[in-house]
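K.L.:
output the structure for:
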Amino acid sequence: MKTFTASAAAAIAAAALTLMMVPAQSGSDADLGAAIDAVKSASERFRDVKVALAEGYVADPGNHCVTAAAEGLPAELGGMGIHYLHPELLQLTATEPRVDGNGTHTDFEKPAILIYEPAADGSLVLVGVENLVFKNAWETAGNTEPPVFAGRKWDLMEDNPDTASDEAHGFAPHYDQHVYLMDDDLTAAVQPFHRSVTCEHHKDH
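P.N.:
Next up, the predicted model:
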């Protein structure tokens, strides 16, 4: 397994952000609901974070708990939480000048990233999962369209050199997709942030 650095962890957490809520693009609610139910079932064992660690997931060394407000976005969008990452599934190859990798993993029943919300009692509550694939690796593998989850194209994160901001948040161009596991409307379950997730009980190092 490649060494997973704090800088890469911070960058992956940042790269999970998009600047607007994007509606589901195609596919039926029944398809999306069934896909989310399958992810919930497959992820049940990860409710115990010790199981995640035993299966190769790595806690963000920076202990970042991501919220929309902390990123300068409307607080009502909610948060993400703390990211636990699987370096082998992401196949990271570089952290400078941008985080890059060869991973093309899209299986949400064994996701590359788990997302936990800090609870008041100090425990971690599994609230979502995420997959991330690098655009170059994805296209090199022969793909001509973005990955799709239940009819929804994943979000493309790619820096625009004509703007002052870094739309890819320190990453090479990539696609990512979140799936939140709480009982909620289906559109909210596949957005970058979830309004029910909070970092209120997060304790910094």
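K.L.:
which secondary element of the protein has the worst mean pLDDT?
P.N.:
Ranked by mean pLDDT, DSSP states H and E, the weakest helix or strand in the chain is helix 6-15, scoring a mean of 55.
K.L.:
how much space separates E200 from P118?
P.N.:
8 Å (CB to CB, to the nearest Å). In short, each C-beta sits where N, CA and C put it, glycine included.
K.L.:
show me which of the two is the more surrounded one.
P.N.:
The residue with more neighbours, out of E200 and P118, is P118; 19 against 12, by other CB atoms under 10 Å.
K.L.:
now the residue sitting nearest the centre point of the chain: closest residue in space, sequence neighbours ignored.
P.N.:
Residue closest to the mean C-alpha point of the chain, counted by CA atoms, centre = their mean, is E130 at 3.6 Å. Excluding the flanking residues, the one nearest E130 by CB to CB, 6 or more residues apart in numbering is I113, at 4.0 Å.
K.L.:
got the contact list for the lengthiest helix in the chain?
P.N.:
If you go by DSSP state H, the chain has its longest helix at helix 29-43. The contact list for helix 29-43 (CB atoms under 8 Å, 6 or more residues apart in numbering) reads 24, 108-111, 114, 126, 129, 149-152, 179, 181, 186, 189-190.
K.L.:
could you tell me which of the residues you listed are located in strands?
P.N.:
Those of these mapping onto strands are 114, 126, 129, 149, 152, 179, per DSSP state E.
K.L.:
and the last one, what pLDDT?
P.N.:
Note on V179: pLDDT of 96.
K.L.:
still on that earlier bit, burial check on the residue nearest to E130, number of neighbours?
P.N.:
23.
K.L.:
and the pLDDT for it?
P.N.:
pLDDT, I113: 93.
K.L.:
please apply the same query to V22.
P.N.:
Reported pLDDT for V22: 45.
K.L.:
what's the answer for T140, then?
P.N.:
pLDDT, T140: 96.
K.L.:
next: the one 10 residues further on.
P.N.:
Turning to A150, the model gives it a pLDDT of 92.
K.L.:
spatially nearest residue to it, not counting backbone neighbours?
P.N.:
A35 (3.8 Å).
K.L.:
repeat that for H194.
P.N.:
Y180 (4.5 Å).
K.L.:
what do you get for A52?
P.N.:
Here the residue nearest A52, using CB to CB, 6+ apart, is F46, at 4.9 Å.
K.L.:
that neighbour - that's part of a helix, no?
P.N.:
Yes - judged by DSSP: H, G, I helix; E, B strand; the rest coil, F46 forms part of a helix.
K.L.:
how deep is it tucked in, by neighbour count?
P.N.:
21.
K.L.:
check the one 10 residues further on too.
P.N.:
For G56, the count of nearby residues is 13 (other CB under 10 Å).
K.L.:
with D166 instead?
P.N.:
15.
K.L.:
in space, what's closest to it - neighbours in sequence excluded?
P.N.:
D159 (5.3 Å).
K.L.:
tell me the mean pLDDT for stretch 42-55?
P.N.:
97.
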